[in-house]
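**Student:** Kindly generate the corresponding structure for this input.
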Amino acid sequence: PPAPKPTVVVPSSSPPASPVASPSPNPVTGVLVPPTPTIAPASQLIGPIKIVSSLPRAGNTKNATDSMVMAIKMALDEIGGRLEGASVVYEDWDDASPSTSAWDKDKEAENANRAVNDPDVMVYIGPLSSNAARVSIPILNQANLGMVSPSASYVGLTRGGAGAGAPNEPNVYYPSGKRNFVRVVPADDVQGAMAAQWAKQLGASRVYVLDDADPYGKAIAASFAETASKLGLQVAAGPESVNPRARDFTGIAAKIRDTGNVELVYYAGLTDDNGGLLFKELRRTLGPNVRLMGADGLYQQGFLDEAGDGAEGALLTFGTVAPSKLTGRGAEWYRSYRVRFNAEPDTYAPYAYEAIKVALDAIKRAGKKDRALIRDALLATRDYDGILGRFSFDANGDTTLTTISGREVKNGKFDDTNAVTLQAQ
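**Tutor:** A predicted model of the protein is given here:
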């Protein structure tokens, strides 16, 4: 298809990340931030500098990605037409299939190759999902193109070991031997750990842990179980995988009931893996006094529709902070977004905004229209003071941010207004 008409945008008022701050460990992974690589000392930027995003712009995710793109354009409008004397353009690319209206591996690969073949493209924002990132990271890696994802949270994209789905992860995604992917959203193991912390805060002492047998669910469930044990909670069983294609969950529900004295069931899985039917059966079998908690793979209207009354009172963790709960500069951004667009931002919108701001900051620090220099500057980001708080990227490309959120289903809806903020303790 023809390339979208570029939007000329404008220089950032956001303070640059400090290139000289001391390395600090990621509080979850313990990995030290690497020393700052040598960056061009004086700006030699020559436009156009092109930044593209690859997001599914149709189907169930369209409202979310509309909000994300608006947030990106909001950030770009804040900079006045040029960055260090160079013009900046942004293009909004779609990785959804016209036939399915969902992200498509061929479309994501097409976008990645299109970016590689356009010498003006310096940064790739996205993709939305971790499975899409598995497709595009290695393509862009071989061209030294830096990526910033607002939402791809699968552990195996950046780290091996617990939470990775294959023994060759993450090296399989980086054929050049150098990292080119960073994310402003915490990885899934952070979500699992924070969910266990929340369970303890709610007074649970005996928990049962389930997952959907998918790498996403297994990573979160493993982190939940490990952290729960460290916090003194008794893990009655699990992580135990349920059949994601099953339509009848009476067996696992009865097993949990017969285990005895289970106070909370945690399920890390997806709506598409019949998570709603599972919660419906768990509620029917276990009654109203056993808490049901799930991961953000259930944060969809389809889950509420499928679970029906079984979703009422369910607790869901989410790997982002609710926009209305952001503080400081984040609260200012939230108010500005609402005034400008007369709408509530999607939960990933502030993360999309932060992704483009981090990209602009890296381009500015690199000082030259050079993909490898900009990639290295992205990985060297530390002590960046943005709307999500102050953070760095560690040697793996993971953010040092560990704050996420929790929501309850009330009256058949996700209660975003009263979302709780969960922070590592």
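
**Student:** isn't there a strand covering Met122?
**Tutor:** Yes. Counting by DSSP: H, G, I helix; E, B strand; the rest coil, Met122 is located in a strand.

**Student:** list the contacts for it?
**Tutor:** Neighbour list for Met122: 49-51, 145-146, 363, 369, 371, 374 [criterion: Cβ atoms under 8 Å, 6 or more residues apart in numbering]. C-beta coordinates here come from the backbone N, C-alpha and C atoms, glycine included.

**Student:** Would you state the strands of the stretch 101-250 of the chain in chain order?
**Tutor:** Taking DSSP state E, counting those that start in this stretch as the test, the strands found in the stretch 101-250 of the chain are 121-125, 146-149, 181-183, 206-211, 234-241.

**Student:** With only the CA atoms kept, save the first one in CSV.
**Tutor:** When you say that, I think you mean strand 121-125. Extracted C-alpha coordinates of strand 121-125, given in CSV (Å, rounded to 0.1, in the frame of the first residue of the first chain):
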residue,chain,number,x,y,z
VAL,A,121,13.8,5.9,9.4
MET,A,122,15.8,6.2,12.6
VAL,A,123,13.4,4.7,15.3
TYR,A,124,10.6,2.2,15.3
ILE,A,125,7.9,2.7,17.9
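
**Student:** Adjacent strands (with direction) for it?
**Tutor:** Strand 121-125 has its sheet partners listed here by DSSP bridges as strand 49-55 (parallel), strand 146-149 (parallel).

**Student:** swap in the shortest one?
**Tutor:** Based on DSSP bridges, the pairing partners of strand 181-183 within the sheet are strand 146-149 (parallel).

**Student:** Give the buried residues for the strand it pairs with.
**Tutor:** The neighbour-count check on strand 146-149 (16 or more other Cβ atoms under 10 Å) flags 146-149 as buried.

**Student:** hmm, back to that, taking the contacts of Met122, please make a PyMOL selection of just the buried ones.
**Tutor:** To isolate the buried members of the contacts of Met122 in PyMOL, using 16+ other Cβ under 10 Å:
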select buried, resi 49+50+51+145+146+363+369+371+374
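
**Student:** Please identify the deepest-packed of the strands of the stretch 101-250 of the chain.
**Tutor:** strand 146-149 (a mean of 28; mean count of other Cβ atoms under 10 Å).

**Student:** Now do that one: everything it contacts.
**Tutor:** By Cβ under 8 Å, 6+ apart, the surrounding residues in contact with strand 146-149 are 122-128, 133, 136-137, 140, 180-185, 355-356, 358-359, 362, 371, 374-375, 378-379.

**Student:** What mean pLDDT does that strand get?
**Tutor:** For strand 146-149, mean pLDDT is 98.

**Student:** What of stretch 377-396?
**Tutor:** Mean predicted confidence for stretch 377-396 is 98.

**Student:** likewise stretch 342-358?
**Tutor:** 97.

**Student:** Please identify the buried residues of it?
**Tutor:** In stretch 342-358, the ones that count as buried by 16+ other Cβ under 10 Å are 344-358.

**Student:** again, but for stretch 239-258
**Tutor:** For stretch 239-258, the neighbour count (16+ other Cβ under 10 Å) marks 239, 241-242, 244, 249, 252-253, 256 as buried.

**Student:** nearest to Lys62, of those?
**Tutor:** Nearest to Lys62 out of the buried residues of stretch 239-258 is Pro244 (Cβ to Cβ; 25.1 Å).

**Student:** Hmm, Asn274 and that closest one touching each other?
**Tutor:** Yes. Using Cβ atoms under 8 Å, Pro244 makes contact with Asn274 at a distance of 6.7 Å.

**Student:** quick one on the thing from earlier: out of the buried residues of stretch 342-358, which are inside helices?
**Tutor:** 349-358 (DSSP state H).

**Student:** what would those look like in JSON lines with distance to Gln197?
**Tutor:** Below are these laid out as JSON lines (distance: Cβ to Cβ, whole Å):
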{"residue": "Ala349", "distance to Gln197": "26"}
{"residue": "Pro350", "distance to Gln197": "23"}
{"residue": "Tyr351", "distance to Gln197": "21"}
{"residue": "Ala352", "distance to Gln197": "27"}
{"residue": "Tyr353", "distance to Gln197": "27"}
{"residue": "Glu354", "distance to Gln197": "24"}
{"residue": "Ala355", "distance to Gln197": "26"}
{"residue": "Ile356", "distance to Gln197": "31"}
{"residue": "Lys357", "distance to Gln197": "29"}
{"residue": "Val358", "distance to Gln197": "27"}
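
**Student:** Could you check how far the residue nearest to Leu422 when sequence neighbours are not counted is from Asp415?
**Tutor:** On the basis of Cβ to Cβ, 6 or more residues apart in numbering, the spatially nearest residue to Leu422 that is not a chain neighbour turns out to be Met194, at 4.2 Å. Per Cβ to Cβ, to the nearest Å, Met194 is found 18 Å from Asp415.

**Student:** Looking at the two, which is more packed in?
**Tutor:** More crowded of Met194 and Asp415, by other Cβ atoms under 10 Å: Met194, with 28 against 13.

**Student:** Do a quick rundown of the helices in the stretch 301-425 of the chain.
**Tutor:** 301-307, 329-341, 349-366, 371-379 (DSSP state H, counting those that start in this stretch).

**Student:** Show me what the second one is packed up against.
**Tutor:** It stands for helix 329-341. Where contact means 3 or more Cβ pairs under 8 Å, 6 or more residues apart in numbering; DSSP states H and E, helix 329-341 is packed against helix 62-77, helix 349-366.

**Student:** just the angle between the last one and strand 121-125, please?
**Tutor:** Angle between the axes of helix 349-366 and strand 121-125 is 150 degrees (criterion: axes from the mean of the first three to the mean of the last three Cα atoms, to 10 degrees).

**Student:** which strands and helices sit next to helix 349-366?
**Tutor:** Counting by 3+ Cβ pairs under 8 Å, 6+ apart, helix 349-366 packs on strand 49-55, helix 62-77, strand 82-83, strand 121-125, strand 146-149, helix 329-341, helix 371-379, strand 384-386.

**Student:** Need the mean per-residue confidence for the helix or strand just after the third one.
**Tutor:** Helices and strands here follow DSSP states H and E; after strand 82-83, the next one along the chain is strand 86-94. Along strand 86-94, the predicted confidence averages to a pLDDT of 96.

**Student:** Can you tell me the strand partners of strand 86-94 and which way each runs?
**Tutor:** Going by DSSP bridges, the partners of strand 86-94 are strand 7-9 (antiparallel), strand 49-55 (parallel), strand 82-83 (antiparallel).

**Student:** what does that strand contact?
**Tutor:** For strand 86-94, using Cβ under 8 Å, 6+ apart, the contacting residues are 3-4, 6-10, 45-58, 69, 72-73, 76, 79, 81-82, 107, 111, 114, 120, 356, 360, 369.
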